[in-house]
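Asks: How does the following fold in three dimensions:
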Amino acid sequence: MRCMAHIVNLVVMDGLKDVGESVLKVRNTVRYIRSSSARLKKFKECVEYEKIKSKSSLCLDASTRWNSTYLMLNTSQKYERAFERYESREPMFRLELGENGVPNFYDWSECRKMAEMLSHFYELTLHISGSRMKKNFDKYWGDIDKMNKLIYFATILDPHDKFEYMRLQFCKMHGEEKGEQLFQKVKSSLIDLFNEYNKIYQTDCEQTSDNTNSQLSSGSGSTINLKPKLYLKHHYKK
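Replies: As a prediction, the model looks like this:
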């Protein structure tokens, strides 16, 4: 799938090497409107006057990203009447872009054709990328037993979240049964990790009688004794 996406990108980029004059006119027009807040404000007034319902914002493309050219053309062609209204209200528009710099009916027609052509490649790329992302997601996060649970430990240790928030989110994302199952596995893995550290410092802890005990419930009725003061003393003794 990755190779297919790369091939599609090469095909489209090669096809756009000789960008038509109509596309260049639209690009210059969008650049002119976006160059100042005052021009954008006037353009929005033209959009309202023409009763154009689209909520898309004018976007300028990048030469290295063909998908941005598609988005620019697809958005701009929706505002053709607004551009014409802006031209009639703003005399500097045609003066600065030049007599042949403002898109006419033919230019907009050509841009619509270009946008239609690019839309197929754009949708194909999204489909390929989406399939690839879903595959990677399932690889790392789809299997409860194979996923890396360390990322969840930080959430548990965050005072704002703790166990309650994690259980709630798991059940919300995966449903009650699977969410609870995932929660218990993450919780069990955290307890196992703690026990490994506990073994390392157990000898030092047993030799000191002045300690503070905390309990972390494992969910099955058993508890684990923590000695945070001794742990910190040993951990930072250097």
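Asks: Let me see the contact set for residue 93.
Replies: For residue 93, the contact set (Cβ atoms under 8 Å, 6 or more residues apart in numbering) comprises 32, 86, 87, 102. (Each C-beta comes from the backbone N, C-alpha and C, glycine too.)
Asks: and the two most separated of these?
Replies: Distance extremes for the contacts of residue 93: the farthest pair is 32 and 87 at 10.7 Å, using Cβ to Cβ.
Asks: measure residue 190 to residue 14 for me?
Replies: 52 Å (Cβ to Cβ, to the nearest Å).
Asks: Of these two, which one has the most company?
Replies: In this comparison of residue 190 against residue 14, neighbours counted by other Cβ atoms under 10 Å, the higher total goes to residue 190 at 19 against 10.
Asks: My guess is the more buried one contacts residue 154. True?
Replies: No. Checked against Cβ atoms under 8 Å, the pair residue 190 and residue 154 is beyond contact range at 10.7 Å.
Asks: continuing past the longest helix along the chain, what's the next helix or strand?
Replies: Among the elements of type helix in the chain, defined by DSSP state H, the one spanning the most residues is helix 105-137. Counting by DSSP states H and E, the element after helix 105-137 in chain order, helix or strand, is helix 150-157.
Asks: Show me which residues of that next one are buried.
Replies: Counting neighbours by 16 or more other Cβ atoms under 10 Å, one finds that the buried residues in helix 150-157 are 152, 156.
Asks: what sits up against that helix?
Replies: Under Cβ under 8 Å, 6+ apart, the answer for helix 150-157 is 161, 162, 163, 165, 166, 186, 187, 190, 193.
Asks: could I get it in PDB with only the CA atoms?
Replies: C-alpha atoms of helix 150-157 as PDB (Å, rounded to 0.1, in the frame of the first residue of the first chain):
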ATOM      1  CA  LEU A 150       3.700   1.700  29.100                       C
ATOM      2  CA  ILE A 151       2.000   4.600  27.500                       C
ATOM      3  CA  TYR A 152      -1.000   4.000  29.700                       C
ATOM      4  CA  PHE A 153       1.100   4.100  32.900                       C
ATOM      5  CA  ALA A 154       1.700   7.800  32.600                       C
ATOM      6  CA  THR A 155      -2.000   8.400  32.500                       C
ATOM      7  CA  ILE A 156      -2.500   6.300  35.600                       C
ATOM      8  CA  LEU A 157       0.200   8.200  37.500                       C
END
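Asks: Generate a markdown table for the contacts of helix 150-157, with pLDDT and distance to residue 108 as supplementary columns.
Replies: Converted to a markdown table, the contacts of helix 150-157 look like this (pLDDT from 0 to 100; distance: Cβ to Cβ, whole Å):
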| residue | pLDDT | distance to residue 108 |
| --- | --- | --- |
| 161 | 80 | 52 |
| 162 | 84 | 57 |
| 163 | 84 | 58 |
| 165 | 83 | 52 |
| 166 | 82 | 53 |
| 186 | 88 | 55 |
| 187 | 88 | 60 |
| 190 | 88 | 60 |
| 193 | 87 | 62 |
